[in-house]
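Visitor: Need coordinates for the below:
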Amino acid sequence: MIVKARLITGVVLFVFVLGHLINHALGVHSLAAMEAGREWFTAAWRNPIGTTAFAGSLLIHLLLAGWALYARRSLKMSVGEAFQLVLGFSIPIFLALHFAGTAGAHRIFGTNDTYAFVLLAQWKFADYGVILQTGGMTAAWVHGCIGVYFWLRLKPYFPDIKQLLFGLAIVIPVASWIGFYAGGKEALALYEDPEWRRAMLAVAQPPDANGVRQIYDLALLFQIIIGSLIASALAGRGVRSSLERRRGTYLLRYPNERTVRNAKGTSILEASRLNGIPHASVCGGRGRCSTCRVRVLEGHDNLAGPSADELRVLKRVGAPPKVRLACQALPFGDISVVPLLPPNATARDAKRRNPDMSGQEKEIAILFADLRSFTQFSEQKLPYDVVFVLNRYFAHMGEAVELAGGHLDKFIGDGVMALFGANTDGDSGARAALTAAKHMSQKLSVLNTQLGDELNEPLRIGIGIHSGPAIIGEMGYGTAFGLTAIGDSVNTASRLEAMTKEFGAQLVFSEDVASKAGLDVSGLTQKTAAIRGRGEPISIYVCENAEKLSLHS
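Guide: Prediction:
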């Protein structure tokens, strides 16, 4: 609820600031254009709905900012988070006089705060008016842009629009500064004309000297309120720390036997930050991104239940049981956890994941394929030719795997590893793997025809398939991080691929695969093979040409 309230109020305030900056930018054309834009702007915001939306959003956003400052157990944060926090609290201090002199004067004294009047007040009469206005609007814009970035970078479409958004983030404030400067200079020039000055004052109806003092007092009061909010949040942190020390601590265990002790009420993510333990958190601990998620190994009963917001995020990423968001999980007893993502996780890792990707044992089919005699080929060709042929081969084999509904795990030298059934079941996976083998054989024939002039002899392939239990999940480091599988079934599939050399065949697959796929094996050679690492031999089928497999859906 808090996350949603912060987002909604932030969007309302950002739209207000955006409209203000665009209105300023009209000064590039003329003061009259700025005033025409102001009429539209005030029509949108100075009505019961607009005023309530703005004032309510401002109040709620400020209170939530104070709460966020209080709620943090640690003030250690990223540069972006710190910059946004400092700018957020500086905005009302910068713009207090502007608010009091425009909306405040309009409400209290009936002043018509035209652009001519406001620009003259800032450029001619108010001490540091230009500095406060420019600094405040810049702080508001940058603060809002950081917030928009933190929000949108988790969206799948963000990479496609980030360059456009970055350009707008630069162009809009620059145009606003130029318009503000041009409008101010035009107002100063017009002020020298006594008739224009009298007409402007008659329209504006500015407050008298006593009213001006009231405006300054109102601005000061606003600044004092903001300062008190910050001071209260910081003081509250001290009081809370004292109370929590009396309530006791809990022991948090990480992998590699590392343990830290923290006050009860400290989230797992905050515990990591307080103790200098790297922990992924793309959204900064706001409960949006899921990159801080951990698997609870021991002490799951020592955690308060997940909130509705946390449950929604966990459901979005398909998290299995006993997985929690570290930023939301509040232990009240000893607990042991394993972070599921590396500390350098990015926004890409916050996208939806299947439960299997977090690590599960499941019945799947594994396919290995390898080019025959390719080392000989590579020794006879230029490096460019080798890379060209390999890329064509990988493209055709990858298409065959994807066409059958498989997951292309990795390319290993001139070999291919693929998984089938990760999102379905073992039977479907076995059928899909055999279908992929048939497609691979067909596509290899097409590739040999296409590359006839490049090859001394046709490319040949060996394919091994086995079906059985395997541990599947996202594994790796950095950019080499993705869904893969490990276990005895994977090793068996690899051994079967190697046996294609021994039998001079294109495809060797286990009886488990044939049984689960419901394959008609008449016409295929059945053998018993000893697999290194397995205690018992297994029954296998040998197929000279996978293109001739008889598959029925």
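Visitor: Helix or strand: which one has residue 391?
Guide: Residue 391 is located in helix 383-403, with elements delineated by DSSP states H and E.
Visitor: avg pLDDT for that helix?
Guide: What helix 383-403 shows for mean pLDDT is 89.
Visitor: Can you list the helices and strands that it packs against?
Guide: Helix 383-403 sits against strand 360-372, helix 374-380, strand 407-412, strand 415-420, helix 426-450, with contacts defined as 3 or more C-beta pairs under 8 Å, 6 or more residues apart in numbering; DSSP states H and E. Using the backbone N, CA and C atoms, a C-beta is placed for each residue, glycine as well.
Visitor: mind putting the ones you listed in a markdown table, mean neighbour count and distance to residue 261 included?
Guide: Output for the helices and strands packed on helix 383-403, formatted as a markdown table (neighbours: other C-beta atoms under 10 Å; distance: least, C-beta to C-beta, whole Å):
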| stretch | mean neighbour count | distance to residue 261 |
| --- | --- | --- |
| strand 360-372 | 24 | 32 |
| helix 374-380 | 13 | 57 |
| strand 407-412 | 17 | 41 |
| strand 415-420 | 25 | 42 |
| helix 426-450 | 21 | 45 |
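Visitor: Relative to residue 503, which of those is closest?
Guide: strand 360-372 (12.4 Å; C-beta to C-beta).
Visitor: orientation of the closest one relative to strand 407-412 in degrees?
Guide: Interaxial angle, strand 360-372 versus strand 407-412 (axes from the mean of the first three to the mean of the last three C-alpha atoms, to 10 degrees): 50 degrees.
Visitor: partners of strand 360-372, with directions?
Guide: Strand pairing for strand 360-372, using DSSP bridges, gives strand 415-420 (antiparallel), strand 460-477 (antiparallel).
Visitor: For that strand, the averaged confidence score.
Guide: Per-residue pLDDT over strand 360-372 has a mean of 90.
Visitor: quick one: contacts of the helix or strand where residue 118 lies?
Guide: Applying DSSP H and E as the criterion places residue 118 in helix 115-120. For helix 115-120, the external contacting residues (C-beta atoms under 8 Å, 6 or more residues apart in numbering) are 27, 31, 34-35, 38, 101-102, 111, 180, 183-184, 187-188, 190-191, 200-201, 203-204, 206.
Visitor: 7 Å instead?
Guide: With C-beta atoms under 7 Å, 6 or more residues apart in numbering as the test, helix 115-120 has contacts from 31, 34, 35, 38, 102, 183, 184, 187, 191, 200, 204, 206.
Visitor: Tabulate the CA atom coordinates of that helix in PDB.
Guide: Provided in PDB are the C-alpha atoms of helix 115-120 (Å, rounded to 0.1, in the frame of the first residue of the first chain):
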ATOM      1  CA  TYR A 115       3.800  35.500 -15.200                       C
ATOM      2  CA  ALA A 116       4.700  39.200 -15.500                       C
ATOM      3  CA  PHE A 117       4.100  39.700 -11.800                       C
ATOM      4  CA  VAL A 118       5.900  36.500 -10.700                       C
ATOM      5  CA  LEU A 119       8.900  37.000 -13.000                       C
ATOM      6  CA  LEU A 120       9.400  40.600 -11.800                       C
END
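Visitor: Residue 43 and residue 50, how far apart?
Guide: Separation of residue 43 from residue 50 (C-beta to C-beta, to the nearest Å) stands at 8 Å.
Visitor: more neighbours, the two?
Guide: Higher neighbour count among residue 43 and residue 50: residue 50, with 16 against 10, using other C-beta atoms under 10 Å.
Visitor: The nearest residue to the more buried one once chain neighbours are set aside: neighbour count?
Guide: Spatial nearest neighbour of residue 50, excluding adjacent residues (C-beta to C-beta, 6 or more residues apart in numbering): residue 44 at 5.5 Å. Counted with other C-beta under 10 Å, the neighbours of residue 44 add up to 15.
Visitor: Please report how far residue 44 lies from residue 22.
Guide: Taken as C-beta to C-beta, the span from residue 44 to residue 22 is 12 Å.
Visitor: Least reliable of the strands paired with strand 360-372 by average pLDDT, please.
Guide: Across these, the stretch with the lowest average pLDDT is strand 460-477; it has a mean of 88.
Visitor: Tell me the gap between that strand and the middle of its chain.
Guide: Taking C-alpha atoms, centre = their mean, to the nearest Å, the mean C-alpha location of strand 460-477 is offset from the chain mean by 29 Å.
Visitor: Stretch 399-408 too?
Guide: 27 Å.
Visitor: coming back round to it: between the strands paired with strand 360-372, which one is nearest to residue 87?
Guide: The nearest among the strands paired with strand 360-372, by C-beta to C-beta, is strand 460-477 at 34.9 Å.
Visitor: which residues in the stretch 151-300 of the chain form strands?
Guide: Ranges of strands in the stretch 151-300 of the chain, per DSSP state E, counting those that start in this stretch, are 249-253, 259-263, 294-298.
Visitor: Export the ones you listed to TSV and append columns for mean pLDDT and mean neighbour count.
Guide: TSV is the format used below for the strands of the stretch 151-300 of the chain (pLDDT from 0 to 100; neighbours: other C-beta atoms under 10 Å):
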stretch	mean pLDDT	mean neighbour count
strand 249-253	91	18
strand 259-263	89	16
strand 294-298	91	17
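Visitor: Now render those strands as a markdown table, adding distance to residue 225.
Guide: As requested, these are arranged in a markdown table below (distance: least, C-beta to C-beta, whole Å):
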| stretch | distance to residue 225 |
| --- | --- |
| strand 249-253 | 36 |
| strand 259-263 | 30 |
| strand 294-298 | 39 |
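Visitor: Go through those and name the closest to residue 528.
Guide: Across these, closest to residue 528 is strand 294-298 (C-beta to C-beta), at 40.6 Å.
Visitor: Need the residues that contact the closest one.
Guide: The list of residues contacting strand 294-298 from outside it, by C-beta under 7 Å, 6+ apart, reads 268, 303, 322, 323, 324, 326, 335, 336, 337, 338, 339, 340.
Visitor: ok, now with 8 Å
Guide: The contact list for strand 294-298 (C-beta under 8 Å, 6+ apart) reads 253, 268, 303, 322-324, 326, 329, 334-340, 358-359.
Visitor: Could you do stretch 99-110 as well?
Guide: Here stretch 99-110 has contacts from 46, 92, 111-113, 118, 121, 126, 205-207, 211, 214-216, 218-219, 222, using C-beta under 8 Å, 6+ apart.
Visitor: Please save the CA atoms from the lowest-mean-pLDDT helix or strand in the chain in PDB.
Guide: Within the chain, no helix or strand scores below helix 374-380, which has a mean of 75 by mean pLDDT, DSSP states H and E. Extracted C-alpha coordinates of helix 374-380, given in PDB (Å, rounded to 0.1, in the frame of the first residue of the first chain):
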ATOM      1  CA  PHE A 374      34.800 -30.400 -37.300                       C
ATOM      2  CA  THR A 375      38.300 -30.100 -35.900                       C
ATOM      3  CA  GLN A 376      39.600 -31.400 -39.200                       C
ATOM      4  CA  PHE A 377      37.500 -28.900 -41.100                       C
ATOM      5  CA  SER A 378      38.600 -26.000 -38.900                       C
ATOM      6  CA  GLU A 379      42.300 -26.800 -39.500                       C
ATOM      7  CA  GLN A 380      41.800 -26.600 -43.300                       C
END
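Visitor: okay, the helices and strands packed on helix 383-403 in JSON lines with distance to residue 396 next?
Guide: Output for those, formatted as JSON lines (distance: least, C-beta to C-beta, whole Å):
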{"stretch": "strand 360-372", "distance to residue 396": "11"}
{"stretch": "helix 374-380", "distance to residue 396": "14"}
{"stretch": "strand 407-412", "distance to residue 396": "12"}
{"stretch": "strand 415-420", "distance to residue 396": "10"}
{"stretch": "helix 426-450", "distance to residue 396": "4"}
